[in-house]
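Engineer: take this sequence and fold it.
(chains A and B)
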There are 2 protein chains.
Amino acid sequence: MVTIPYQPPVEDYTFLYREVFGADVVARATDGELTAEDATDVIAGAGEFAASVLAPLQAVGDRVGARLEDGRVRMPEGFAEAYRAFVDAGWVTAEAPVSAGGDGLPGAVRAGLGEIWNASNAAFALCWLLTAGQIHALDAAASDDIRETYLSKLVSGEWTGTMNLTEPDAGTDLGGIRTMATPQDDGTWAIRGQKIFITWGDHDIAENIVHLVLARTPGAPEGAKGLSLFVAPRLLVGADGSLGARNAVETVALEHKLGIHGSPTCVLSYEDATGYLVGEVGGGLAGMFVMMNSARIGMGFQATGIADRAYQQAVAYAQSRTQGRVQGRGAGAPIAEHPDVRRMLLSMSSRIFAMRALGVYVADLFDRADADPAVTPLAEFFVPVLKGWATEDAVALTSDAIQVHGGMGFIEETGVAQHYRDARIMPIYEGTTAIQSNDLIGRKVLRDGGATAEALFAQIAETADGLRRSDEPVAARMAERLDRAVAAARRATDDVLGFAGSPRDAHAVSVPYLMLLGTLAGAWMHALAVAAVLAHATSDAQDAARLTAADFYGAHHLPRVHALAETVASGEIA
Amino acid sequence: MVTIPYQPPVEDYTFLYREVFGADVVARATDGELTAEDATDVIAGAGEFAASVLAPLQAVGDRVGARLEDGRVRMPEGFAEAYRAFVDAGWVTAEAPVSAGGDGLPGAVRAGLGEIWNASNAAFALCWLLTAGQIHALDAAASDDIRETYLSKLVSGEWTGTMNLTEPDAGTDLGGIRTMATPQDDGTWAIRGQKIFITWGDHDIAENIVHLVLARTPGAPEGAKGLSLFVAPRLLVGADGSLGARNAVETVALEHKLGIHGSPTCVLSYEDATGYLVGEVGGGLAGMFVMMNSARIGMGFQATGIADRAYQQAVAYAQSRTQGRVQGRGAGAPIAEHPDVRRMLLSMSSRIFAMRALGVYVADLFDRADADPAVTPLAEFFVPVLKGWATEDAVALTSDAIQVHGGMGFIEETGVAQHYRDARIMPIYEGTTAIQSNDLIGRKVLRDGGATAEALFAQIAETADGLRRSDEPVAARMAERLDRAVAAARRATDDVLGFAGSPRDAHAVSVPYLMLLGTLAGAWMHALAVAAVLAHATSDAQDAARLTAADFYGAHHLPRVHALAETVASGEIA
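Structural biologist: Residues are numbered from 1 along each chain as shown, chains lettered A, B, ... in the order given. I've put the predicted structure just below:
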């Protein structure tokens, strides 16, 4: 395997934190406790850690992968040491909310960290992502006992967490869950049932694993309303916090997957395992929803991370490979100078900037919503857009990274094919793209009659107005393209609202509508970047590259909104 | 592995042969020797053979794959028997030209066979595809001796053929080839050098392998003009045709690839191997060009085949899987009825029909060009369009097939991920998409000032005119959409012609231009299908499905041409 050194995108985050979203997005989010400069240091530190500790394990995670031996999942050599170093460096605690005992880094910084862990080693990052999700769920709903016994160990990183939702007949539709939790005399619950697709459901890199399980209680109503949430540890925990006997949870199978081989995907069998109720009986789905938003936004960071890693590998190849003559550049020029290879690289980098910026923007929106509930609708509007659009685009982007390599891209030892395989799960897990688009259309557009969407379009139009007054041609072009794109988005939104009475029409074009909004939001991010560049006193090569990326996005990606708007207008084709 | 039975698309070919391209495209191509009815029988017979013999080996080809043992490539159990059955059934001979001793099936039928071999087992089909390509090359240029000794054995299927072009520093740019062929006293040549990416370069399923090698001769000019073509068998052949000693060709490595594991990709080392000159010294590239067109069109058939197989698997899953309630269909309905799953399935099937029809059309154009040289420019125009567009779209389509499966799509045992991995090589080999688009823009648009493109647009506009007069709403919508799409294609072609003096601009948008033309051509195929359906006396469910597919293509795929036209207009973003 060729391991291309990972280069953390510190400069982009510096630019995003300091300039794109106002003076200092980090200081605003933390009331000045942390500045953009501090945040940049955090990003740089994480990048260094990721490049030196996590990235070197990415290929072995793929090649060797997780193995199931005598009922236990064994991780490849190096994973346990890396996890220990990750915990010791404080990265788990850093991101956990203050209320849970963590350092409570703001969303804008968590976006950067999320990208970096996933870029350097997406399979490893999933372990952290699931733990982080469980921390949020327990922090919102767990009793003091559970907080003390489990949450504290998750926040310290000593134990890891899993989410147990899916069953063979209950994936997208959680109402079909059949796992039962029966109350015991001692106040605990006996959990029985089978859970599938459990990410990091078993492993040997931490001393205990805390499963968060959705189950049905006796006499509970049918469907999702009858679900409750339970904590079930792999090793039972004594009153003094000591680890005891094994709980009745068995890893009965390990999936053989297309990608992320370094992330064990388990079938877990609960055989009257001891569980502890989290929150109220029947409040399971509400508890899961707490982690849903953060997990879905997290997928946006993962999309950016995997995409950027694939891009970095494509750039490294294109800059080192020479072949034949390159138009306008002569012989001996690297293929990166070839117009079509340059097109592919710009296509990738311009989309990566768009999703990176949108990740920071959306994560920050949630921080702003904590202080100002009026921001909440827009923040929640963007969850399915970011998750759906970024993951779909990232898959396409990893395919471009292969294409840049020509025949070498198809050879596994080159390493770029791993990103293509790893990326493919992203539009599926944490809710497929269709689930995201149904959420978008149902809860975020139809429910408020398009008010949030229109508020967004007005903001984008305002950004375009600002650019129109510039004498920089890129700014002028961006303004003109944004205006037309906003008009298309408004028409498409009207079409969706017009489908209110015919849900099949709405849902048949919900994915195109989501992709339209994501593509437009990406252009908006570039427009904000152009405005930030133009506000500079000086202009350097980095600034010029930002203008080129924005112009490229406007010429190659943004026009898709017009095609998508035409598709949305058609409703279901019957 | 789940092996979904392969269902050959006999009905579609019947429709294409009898109705879409005139009364009977097969009878026209063969001067009545073969009718559409005969051709349908051939397709049905091939489909039966493929479904029963080739398709069952597809999964084992992937899982076990080709292995290199003691310098020989060993194929999984069953491949040798399948190849023998393939040869005994006469399928190799059936497609070979009459001049080479084959049955000379017309292009329209070869399109169908090409799809079927690739759909049932793409890795296996590559062995046949390379042999077929070599048959064309030898038929065009080889001496009587070579025809008698080698060509006859290839046409009978007893031996298989390979193409040896690529070297570590000569892939896209063949001018960089360094392999040397030195004349010997006995009239043979000693070949020395290393060739990479040699598909089916070694194997154990036929008694001999004939390598067709591009090499440089002593004193030859630099670049592609200095290349000559040689035949070098794996086992030397005696004057009486008997097999003798091993030639000095070693398989030094076998690539570990993302997909098509059942197709051995070899590194071959020529160590003064005995070769025989094919054609003239310095005529190597011309000889290779003979097989280029047929190999590239063949990639269009492969794209259709892999795409259709992935689609069939997605349909089978979506029709058998139930989950939750489906809008407008109630509980217990399969997910195929869900609006978004239905969208994905229609998205796939409508593109597959488009590429299948275009494959038949282009293959038939070459037959027509044999009789009428005026047709040649249009036939050659379509080679890069079909190859580039169909293979790119097929990759995206296999990704859709995974998405339909949800989480199960990511599990290798489901089998659908294999198509996604197998498909990824198609936009790379036989000339990357960029190579196709450069060929399109350079040789097929700029060279004749856009005359061929305009002749095509006029034909498409004529089809639209015919539909406009219909009172069937699908026809009217298709006509309106085609008109706008043709206008966009004309503008884009004018833009490309405007870049005549700035080749970097032309090449920076050549891939978008190619995709625009492919997407438009696909819509044209649907328009011809709509016209054929409307010409029917009766209308059945199959006809209704064809109208729905056309309408879907018009609403979901065709609008891309407008986005692509805007991209083409931008030239290189600097």
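Engineer: which SS class is A:V561?
Structural biologist: Following DSSP: H, G, I helix; E, B strand; the rest coil, the label given to A:V561 is helix.
Engineer: near it, how many other residues are there?
Structural biologist: Number of residues near A:V561 (other Cβ atoms under 10 Å in any protein chain shown) recorded here: 27. All C-beta spots, glycine's among them, are computed from the backbone N, C-alpha and C.
Engineer: how many neighbours does whichever residue of the stretch 301-450 of chain A sits closest to chain B have?
Structural biologist: Among all residues of the stretch 301-450 of chain A, A:G324 sits closest to chain B, at 3.3 Å; criterion: Cβ to the nearest Cβ. A:G324 has 18 neighbouring residues, counting by other Cβ under 10 Å.
Engineer: what pLDDT does it get?
Structural biologist: Per-residue pLDDT puts A:G324 at 73.
Engineer: do you know how far it is from B:I425?
Structural biologist: To B:I425, A:G324 is 22 Å away according to Cβ to Cβ, to the nearest Å.
Engineer: do the same with A:V53
Structural biologist: Distance from A:V53 to B:I425, by Cβ to Cβ: 34 Å.
Engineer: who's more crowded, these two?
Structural biologist: B:I425 (28 against 19).
Engineer: which residues touch A:L243?
Structural biologist: Contact partners of A:L243, counting by Cβ atoms under 8 Å, 6 or more residues apart in numbering or on different chains, are A:E207, A:N208, A:L235, A:L236, A:V237.
Engineer: and the fourth one, that one's in a strand?
Structural biologist: Think A:L236. Yes - assessed with three-state DSSP, A:L236 lies in a strand.
Engineer: the residue of the stretch 51-200 of chain A found nearest chain B: neighbour count?
Structural biologist: Closest residue of the stretch 51-200 of chain A to chain B, Cβ to the nearest Cβ: A:D173 (3.3 Å). Residues within reach of A:D173, counting by other Cβ under 10 Å, total 14.
Engineer: same thing with the one 10 residues further on?
Structural biologist: Under the neighbour criterion other Cβ under 10 Å, A:P183 is assigned a count of 13.
Engineer: kindly report the same for A:L174.
Structural biologist: 18.
Engineer: hmm, A:L227 and it touching each other?
Structural biologist: Yes - the pair A:L174 and A:L227 qualifies as a contact (Cβ atoms under 8 Å) at a distance of 6.8 Å.
Engineer: give me the common contacts of those two.
Structural biologist: A:L214, A:L285.
Engineer: which stretch of helix or strand covers A:T182?
Structural biologist: Following DSSP states H and E, the helix or strand that holds A:T182 is strand A:180-183.
Engineer: kindly report the same for A:R546.
Structural biologist: helix A:541-552.
Engineer: thinking again about what came up before, between the contacts of A:L243, which sits nearest chain B?
Structural biologist: Using Cβ to the nearest Cβ, the contacts of A:L243 come closest to chain B at A:N208, 26.4 Å.
Engineer: surely that closest one touches A:P233?
Structural biologist: Yes - with contact defined as Cβ under 8 Å, A:N208 and A:P233 form a contacting pair (5.8 Å).
Engineer: who has more neighbours out of the two?
Structural biologist: Neighbours per residue (other Cβ under 10 Å) separate A:N208 from A:P233, with A:P233 holding more: 23 against 17.
Engineer: next, the contact list for the closest residue to that one other than its chain neighbours, please.
Structural biologist: The shortest distance from A:P233 to any non-neighbouring residue, by Cβ to Cβ, 6 or more residues apart in numbering or on different chains, is to A:V210 (5.3 Å). The contact partners of A:V210, by Cβ under 8 Å, 6+ apart, come to A:Q134, A:Y150, A:K153, A:L154, A:W159, A:T160, A:G161, A:T162, A:V231, A:A232, A:P233, A:R234.
Engineer: pretty sure the fifth one is touching A:E207, no?
Structural biologist: Yes - checked against Cβ under 8 Å, the pair A:W159 and A:E207 is within contact range at 6.7 Å.
Engineer: counting neighbours, go ahead and name the busier of those two.
Structural biologist: A:W159 (23 against 12).
Engineer: okay, and the beta partners of the more buried one?
Structural biologist: Bridge pairing for A:W159 (DSSP bridges) gives the partners A:N208.
Engineer: first to last residue in stretch A:222-238, what's the distance?
Structural biologist: End-to-end span of stretch A:222-238 (Cα to Cα, to the nearest Å): 35 Å.
Engineer: please enumerate the helices of the stretch 151-300 of chain A.
Structural biologist: Under the criterion DSSP state H, counting those that start in this stretch, the stretch 151-300 of chain A contains helices at A:152-156, A:284-320.
Engineer: need the contact list for A:L174.
Structural biologist: Listed by Cβ under 8 Å, 6+ apart, the contact set of A:L174 reads A:L165, A:L214, A:A224, A:L227, A:L285, A:M288.
Engineer: close to chain B: what parts of the stretch 251-400 of chain A are there?
Structural biologist: Residues of the stretch 251-400 of chain A lying close to chain B (Cβ under 8 Å from any Cβ of the partner chain) are A:255-259, A:323-324, A:327-328, A:338-343, A:346, A:395-396, A:399.
Engineer: now do 10 Å
Structural biologist: Residues of the stretch 251-400 of chain A lying near chain B by Cβ under 10 Å from any Cβ of the partner chain: A:255-260, A:265, A:321-329, A:335, A:337-344, A:346-347, A:350, A:392, A:395-396, A:399.
Engineer: just to revisit the earlier point, what residues do A:N208 and A:P233 have in common as contacts?
Structural biologist: A:Y150, A:K153, A:W159, A:L243, A:N247 (Cβ atoms under 10 Å, 6 or more residues apart in numbering or on different chains).
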